[in-house]
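**Q** Sequence first, then the predicted structure, then my questions.
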Amino acid sequence: ILNVEQSPQSLHVQEGDSTNFTCSFPSSNFYALHWYRWETAKSPEALFVMTLNGDEKKKGRISATLNTKEGYSYLYIKGSQPEDSATYLCASTNTGNQFYFGTGTSLTVIP
Amino acid sequence: GAVVSQHPSRVICKSGTSVKIECRSLDFQATTMFWYRQFPKQSLMLMATSNEGSKATYEQGVEKDKFLINHASLTLSTLTVTSAHPEDSSFYICSATGDPGDGELFFGEGSRLTVL
């Protein structure tokens, strides 16, 4: 079992603030790193999948980076909005394509 | 993106009864479906992997006779919690990969099971 960790567990930010959080994972047998956005009572929604060291992905105000050598990924949200409030979940997959999830970071954006 | 629908979203049952949770892929054929369980403040833990038309593969520590999984068609997988007990109370969520699969997972909305 891969140990995927996310930090912080939760955070509250003011509307307009930028924020970021971390997903760390074991580097051995790494294949891909996935980020999901999970709103209450909805399905987790795929944000990004990254495979190569140094990968950077961007979707609107949200972006992510990947460092496979040291085993971490950052998710950045620029100018947070209340609608960004959700749990952000990361998952690491190994060469067997099995998903190992972190516990998520719960983000609350205060208007 | 592909849509996976899971029902019911919440279920409360008495101890000793069985509960069935359905997971449907609405706009794609799901060759493989996964069932996860999440306890409070913990990560999603894979319970079993099911492939259409074959027996499910259970993760270590998951009782296959207690958590019956059926994947009879390319669009439907069911998880039945048999003789449920309070310790089975948890959040259960399914996911699916399509055909051809690109490795991406598409999730249902999840089901909150409370066993009294």
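**A** Cool, the structure landed.
**Q** drop to CA atoms for contacts and neighbour counts, all remaining ones
**A** Fine.
**Q** got the phi/psi numbers for residue A:34?
**A** phi -110, psi 140 (degrees, to the nearest 10).
**Q** isn't it right next to residue A:92, touching?
**A** Yes - the pair residue A:34 and residue A:92 qualifies as a contact (CA atoms under 8 Å) at a distance of 6.3 Å.
**Q** Which one of the two is surrounded by more residues?
**A** residue A:92 (28 against 23; other CA atoms under 10 Å in any protein chain shown).
**Q** Residue B:9 contacts residue B:109, correct?
**A** Yes - the pair residue B:9 / residue B:109 is scored as a contact, 7.1 Å apart, by CA under 8 Å.
**Q** Give me the more crowded residue out of those two.
**A** Using other CA under 10 Å as the criterion, residue B:9 and residue B:109 rank with residue B:109 on top: 23 against 19.
**Q** So what does the more buried one have for phi and psi?
**A** Dihedral angles (degrees, to the nearest 10) for residue B:109: phi -80, psi -10.
**Q** Pull the contacting residues for it.
**A** A:41-44, B:4-6, B:9, B:93-94 (CA atoms under 8 Å, 6 or more residues apart in numbering or on different chains).
**Q** what's the helix or strand of chain A with the lowest mean pLDDT packed up against?
**A** Here the helix or strand of chain A ranked lowest by mean pLDDT, DSSP states H and E is strand A:99-101, holding a mean of 92. Judged by 3 or more CA pairs under 8 Å, 6 or more residues apart in numbering or on different chains; DSSP states H and E, strand A:99-101 is in contact with strand A:86-94.
**Q** from memory residue A:105 sits against residue A:20, does it?
**A** No - applying CA under 8 Å as the test, residue A:105 and residue A:20 come out as separate, 10.0 Å apart.
**Q** Could you list the low-confidence segments of the chain?
**A** I'll assume chain A. A:1-2 (pLDDT under 70).
**Q** um, chain B though
**A** B:1, B:98-102.
**Q** tell me, what residue is most central in it?
**A** Centroid-nearest residue in chain B, with CA atoms, centre = their mean: residue B:35, separated by 3.6 Å.
**Q** got a list of what it touches?
**A** Contacts of residue B:35 (CA under 8 Å, 6+ apart): B:46-49, B:79, B:92-95.
**Q** cool, and residue B:57?
**A** So residue B:57 contacts B:48-50 (CA under 8 Å, 6+ apart).
**Q** Check the gap between residue A:97 and chain B for me.
**A** To chain B, residue A:97 is 7 Å away according to CA to the nearest CA, to the nearest Å.
**Q** quick one, strands of chain B?
**A** Using DSSP state E, the strands of chain B run over residues B:4-7, B:10-13, B:19-25, B:30-38, B:45-51, B:57-58, B:67-73, B:76-81, B:90-98, B:106-107, B:111-115.
**Q** Setting aside sequence neighbours, what's the nearest residue to residue B:13?
**A** Distances taken as CA to CA, 6 or more residues apart in numbering or on different chains place residue B:115 nearest to residue B:13, at 5.1 Å, with adjacent residues excluded.
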